[in-house]
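S.K.: Have a look; sequence and predicted model below, questions after that.
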Amino acid sequence: MAKVSRIDGSKVRGKTNKKSDLVHRTRNGAEHQYHMNHYQGAPSKAQKAHRIQHGKITTILNPMMADPVQVKLLTQEMENFNREHIVGKFLTVRQYAYAKIRQQLLLQNPPKQLKATDKTPLPRGITLQIKPFAELSAPELYEILKSRFSVFVLEQGIRYLDEDGIDLAATHIALRRKAQVIAYARLYEVPEDNVPKFDARGQLIPQPRILRAGRMLTTERGKGYARLLMMHLIAEAKRQGAGILRVHAQQQAAPFYRHFRFRALGDPFLEADLPHILMERKLSKK
């Protein structure tokens with residue numbers, strides 16, 4: 001079989017079908033066919049970035065998968081991960097290793113920062129809910145507490161008292177599919193963050209209002225719901241007059257917050273037996 005050029009310049013070994021844009025290729029003793037022109041035109045920046053990242057990952061991944069000892073260790077790690085997590089389970093060792101390497105690369109090289117906006121349209125079937133505690137109905141509150149228990153207690157194994165009294169004064173922001181919560185966060189004020197400060201003459205020093213975000217979660221990962229929720233959360237913080245938004249971020253989630261121009265303050269600390277780091281973002285008036 002001759003090498004066939006795709007529209008993006010890459011080449012595969014196979015033969016073209018003159019009556020269609022399919023390529024026929026033999027793999028593992030069976031013939032497979034797939035489309036040559038899966039998209040038109042030159043690759044976008046996102047596609048180029050994805051290919052570069054995929055190349056880096058496979059450069060690390062392929063030697064690992066060729067080593068039986070590494071495969072055995074990864075298999076044990078994957079089995080432990082699948083037992084501890086209700087959602088996001090892996091079907092193969094290669095999938096687990098790929099995701100693990102990708103996460104490590106993201107920690108080393110965080111992606112480009114994203115500009116938060118609440119103008120992004122919601123996906124079909126998804127609704128946004130922003131309510132103070134007093135306006136939540138009993139079924140709405142039930143679904144919020146159910147999602148928090150599912151992610152933080154059952155999935156992450158955190159032992160803590162979820163109902164900490166902050167909910168009563170917080171603004172609750174949720175993305176819902178029908179009644180089910182698929183992404184959630186709460187926005188609240190900590191009195192210690194906004195203690196008045198005075199100068200030597202007793203004049204009040206103007207300080208930006210500080211709000212905090214907490215209990216941020218998504219029950220369906222990899223679909224962009226966490227990013228969408230963060231955009232609306234930042235917009236709501238601005239609407240409430242906040243100049244600074246802070247969050248106690250799990251250390252493994254720090255790259256996600258760097259997307260949205262959060263910066264770390266101080267050193268990591270333990271909270272609920274998990275490493276966290278205090279991060280904040282200054283909010284513009286726009």
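M.R.: Structure received. Numbering: from 1, shown residues only.

S.K.: now stretch 236-247: mean pLDDT?
M.R.: The average pLDDT within stretch 236-247 is 93.

S.K.: Show me the contact partners of it.
M.R.: Stretch 236-247 is touched from outside by 118, 130, 171, 173, 187, 193, 208-214, 216, 234, 257, 262, 278-285, with contacts defined as Cβ atoms under 8 Å, 6 or more residues apart in numbering. (C-beta placed from N, C-alpha, C; glycine too.)

S.K.: Correct me if wrong, but H50 is in a helix.
M.R.: Yes. Judged by DSSP: H, G, I helix; E, B strand; the rest coil, H50 forms part of a helix.

S.K.: The contacts of stretch 236-247 in helices, which ones?
M.R.: Secondary structure of the contacts of stretch 236-247 is defined by DSSP state H; positions in helices are 234, 257.

S.K.: List buried members of the contacts of stretch 236-247 by neighbour count.
M.R.: Under a neighbour-count criterion of 16 or more other Cβ atoms under 10 Å, the subset of those counted as buried comprises 130, 171, 173, 187, 210-214, 216, 234, 257, 262, 278-281, 283.

S.K.: The contacts of stretch 236-247 in strands, which ones?
M.R.: Secondary structure from DSSP state E places 130, 171, 173, 187, 209-214, 216, 278-282 of these in strands.

S.K.: Check those against S147 and report the nearest one.
M.R.: When the ones in strands among the contacts of stretch 236-247 are compared for distance to S147 (Cβ to Cβ), M216 comes out closest, at 11.1 Å.

S.K.: What pLDDT is listed against the residue located most distally from the centre of the chain?
M.R.: Distance from the centre of the chain peaks at R201, with 47.2 Å (Cα atoms, centre = their mean). For R201, the pLDDT comes out at 82.

S.K.: From A174, how far out is it?
M.R.: R201 sits at a distance of 46 Å from A174 (criterion: Cβ to Cβ, to the nearest Å).

S.K.: Check L122 too.
M.R.: Counting by Cβ to Cβ, the gap from L122 to A174 is 12 Å.
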